[in-house]
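Trainee: Sharing a sequence plus its predicted fold:
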Amino acid sequence: MAGDTLGRPRAAFAEDPRASKGRRYPEPESLTRTPFARDRDRIIHTSAFRRLKEKTQVFVAHEGDQFRTRLTHSLEVAQIARSIATAMGLDSDLAETIALVHDIGHPPFGHSGEEELERQMSDFGGFDHNVQTFRVVTELERRYPQFAGLNLTWETLEGLVKHNGPLRNPPGYIADYNERQKLDLGTHAGAEAQVASVADDIAYHGHDLDDGMRARFFGPDDLAHLPVVGEAVRAARIASLDVPPPRLRHETIRRVIDAMVTDLLAETQRRLAKLAPKDADAIRRSKQPVVGFGAAMAEANQVIKDFLHARMYRHWRVNRMTSKARRLTEELFRLLHQEPSLLPDDWRARAGEAGTQRAATTVGDYVAGMTDRYAMDEYRRLTDLSVSG
């Protein structure tokens with residue numbers, strides 16, 4: 001079968017764009033791109049994707065130009081996913097596409113914004129960024145005259161909705177959508193989506209360690225006891241003698257990512273050898289994910305995650321910003337839900353009566369789509385008499 005641009009053969013269990021299950025609304029095929037590459041390009045051109053550049057990863061966007069945003073996180077996940085997919089003989093366009101789109105539904109202010117929206121919408125069906133991502137690409141982005149959403153291929157939608165595993169009790173919106181276009185919610189996703197999911201973890205650990213050191217929450221000496229990371233620090237010091245400290249940081253992170261990717265490829269190959277899948281559906285029917293870390297690396301990842309939680313995500317500087325972000329998100333939602341007449345014209349028409357389910361869904365969509373900067377500006381416009389509306 002066809003291979004990638006480096007001449008590697010396509011794996012038997014890779015998704016084949018020539019055999020795609022297609023789009024909900026049939027369209028003529030592109031003359032220049034595969035269906036999965038076309039999905040990627042549609043995502044990149046969306047307003048929702050552009051807004052990720054000013055959405056919090058850990059640090060609110062204005063806290064520093066060098067820290068990751070939700071956009072740069074998504075780009076790093078996509079790079080790692082594409083590299084792994086290429087090495088495995090998978091469809092790298094599809095893996096990259098799912099990686100790029102996986103966080104497109106995140107609200108402003110990172111997990112603090114999401115948690116507050118979940119609290120505010122708990123009586124109205126709740127809020128979850130994964131569901132919101134699916135709503136963005138199937139309904140909220142309106143760029144085409146023939147349909148709402150992006151009309152992505154079945155494989156991209158299926159990979160997106162199941163990249164964290166099967167959905168045997170799907171949330172309401174996804175369950176309703178599945179009635180219109182079956183996505184086999186009870187099975188695992190294809191290998192490309194599984195790659196994108198694990199690439200997310202690898203990118204998280206790499207860039208959060210990097211940003212944590214850049215913010216001086218901890219230094220290389222504080223990482224010496226951590227599995228994988230401590231070994232990377234020691235090797236980086238040997239390789240980075242007599243060079244400025246930033247190079248030590250970069251060399252450390254490079255080695256951490258390399259160690260994780262190397263382990264992932266080895267463990268995944270072991271699982272594939274045992275399963276011997278003959279096609280992509282065999283990956284879906286497997287009882288366990290086929291893409292994953294070995295036991296020792298999985299345990300190391302948990303140790304790293306616990307360290308970052310204690311030393312970075314709950315650092316007092318982050319806590320202060322988190323507290324302010326939650327209060328701002330709460331007030332924005334409450335004001336607009338109680339007075340949807342304050343919404344811009346197009347949103348006000350969608351919201352209907354104050355305090356209703358319809359108003360809650362509309363306000364949730366409005367707030368979730370905001371960048372950090374826009375949310376802060378909108379809050380001032382709604383609460384500060386000296387600021388013009």
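Mentor: Yep, it's here. Numbering: from 1, shown residues only.
Trainee: can you list the domains in this protein?
Mentor: Per the record, the chain has its domains at 17-171, 191-317, 318-383, by automatic domain parsing.
Trainee: what's the first-to-last distance across the first one?
Mentor: Using Cα to Cα, to the nearest Å, the end-to-end distance of domain 17-171 comes to 29 Å.
Trainee: Check which residues of stretch 156-167 are buried.
Mentor: Neighbour counts over stretch 156-167 (16 or more other Cβ atoms under 10 Å) mark 156-163, 167 as buried. From N, CA and C alone the C-beta is placed, and that goes for glycine too.
Trainee: Give me the residues contacting that stretch.
Mentor: 36, 39, 94, 97-98, 101-102, 130, 133-134, 137-138, 152, 174, 181, 183-190, 192-194, 196-197, 289 (Cβ atoms under 8 Å, 6 or more residues apart in numbering).
Trainee: What average pLDDT does it get?
Mentor: Throughout stretch 156-167, pLDDT has a mean value of 94.
Trainee: Tabulate the CA atom coordinates of that stretch in CSV.
Mentor: The C-alpha trace of stretch 156-167 is given here as CSV (Å, rounded to 0.1, in the frame of the first residue of the first chain):
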residue,chain,number,x,y,z
THR,A,156,-12.0,12.7,12.6
LEU,A,157,-15.3,13.0,14.5
GLU,A,158,-15.0,9.5,15.9
GLY,A,159,-11.4,10.0,16.9
LEU,A,160,-12.2,13.3,18.6
VAL,A,161,-15.1,12.1,20.6
LYS,A,162,-13.4,8.9,21.7
HIS,A,163,-9.7,10.0,22.0
ASN,A,164,-9.8,9.4,25.7
GLY,A,165,-11.6,6.1,25.4
PRO,A,166,-15.0,4.6,24.7
LEU,A,167,-18.2,6.5,25.6
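Trainee: will you turn the domains of the chain into a markdown table that also has distance to R8?
Mentor: Shown next, in a markdown table, are the domains of the chain (distance: least, Cβ to Cβ, whole Å):
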| stretch | distance to R8 |
| --- | --- |
| domain 17-171 | 6 |
| domain 191-317 | 13 |
| domain 318-383 | 39 |
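Trainee: Looking at the ones you listed, which is nearest to G389?
Mentor: domain 318-383 (5.3 Å; Cβ to Cβ).
Trainee: so how far is that closest one from its chain's centroid?
Mentor: Remark: domain 318-383 is offset 22 Å from the chain centroid, using Cα atoms, centre = their mean, to the nearest Å.
Trainee: Same check on stretch 277-290?
Mentor: 23 Å.
Trainee: Likewise for stretch 35-43?
Mentor: The mean C-alpha position of stretch 35-43 is separated from the chain mean by 16 Å, Cα atoms, centre = their mean.
Trainee: Just to be sure, Q194 is in a helix?
Mentor: Yes: the assignment for Q194 by DSSP: H, G, I helix; E, B strand; the rest coil puts it in a helix.
Trainee: Identify the residue nearest it in space, chain neighbours excluded?
Mentor: Closest residue in space to Q194, ignoring its immediate chain neighbours: V291 at 3.7 Å, by Cβ to Cβ, 6 or more residues apart in numbering.
Trainee: same thing with A368?
Mentor: P107 (4.1 Å).
Trainee: before we move on, what about L223?
Mentor: V229 (4.8 Å).
Trainee: For the one you found, the count of nearby residues, please.
Mentor: V229 is flanked by 25 other residues according to other Cβ atoms under 10 Å.
Trainee: Distance check, it against E267.
Mentor: 19 Å (Cβ to Cβ, to the nearest Å).
Trainee: Spit out the contact partners of the nearest residue in space to P166 that is not next to it in sequence.
Mentor: The shortest distance from P166 to any non-neighbouring residue, by Cβ to Cβ, 6+ apart, is to G186 (5.3 Å). Residues near G186 by Cβ under 8 Å, 6+ apart: 166-168.
Trainee: Contact partners for the residue nearest to A368?
Mentor: Applying Cβ under 8 Å, 6+ apart to P107 gives the contacts 55, 113-114, 117, 127, 129, 132, 329, 367-370.
Trainee: Tabulate these (JSON lines), appending distance to G22, secondary structure and pLDDT.
Mentor: JSON lines is the format used below for those (distance: Cβ to Cβ, whole Å; DSSP: H, G, I helix; E, B strand; the rest coil; pLDDT from 0 to 100):
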{"residue": "K55", "distance to G22": "32", "secondary structure": "coil", "pLDDT": "86"}
{"residue": "G113", "distance to G22": "35", "secondary structure": "helix", "pLDDT": "93"}
{"residue": "E114", "distance to G22": "32", "secondary structure": "helix", "pLDDT": "94"}
{"residue": "L117", "distance to G22": "34", "secondary structure": "helix", "pLDDT": "97"}
{"residue": "F127", "distance to G22": "31", "secondary structure": "coil", "pLDDT": "96"}
{"residue": "H129", "distance to G22": "27", "secondary structure": "helix", "pLDDT": "93"}
{"residue": "Q132", "distance to G22": "25", "secondary structure": "helix", "pLDDT": "97"}
{"residue": "T329", "distance to G22": "39", "secondary structure": "helix", "pLDDT": "97"}
{"residue": "V367", "distance to G22": "34", "secondary structure": "helix", "pLDDT": "97"}
{"residue": "A368", "distance to G22": "29", "secondary structure": "helix", "pLDDT": "97"}
{"residue": "G369", "distance to G22": "29", "secondary structure": "coil", "pLDDT": "96"}
{"residue": "M370", "distance to G22": "34", "secondary structure": "coil", "pLDDT": "96"}
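Trainee: Name the member of the residues you listed with the most neighbours.
Mentor: In the contacts of P107, the most neighbours by other Cβ under 10 Å go to K55, 30 neighbours.
Trainee: which residues touch it?
Mentor: 61, 69-71, 106-110, 371-372.
Trainee: ok so, going back, in terms of contact, does the residue nearest to L223 touch G206 like I think?
Mentor: No: using Cβ atoms under 8 Å, V229 is not in contact with G206, being 9.9 Å away.
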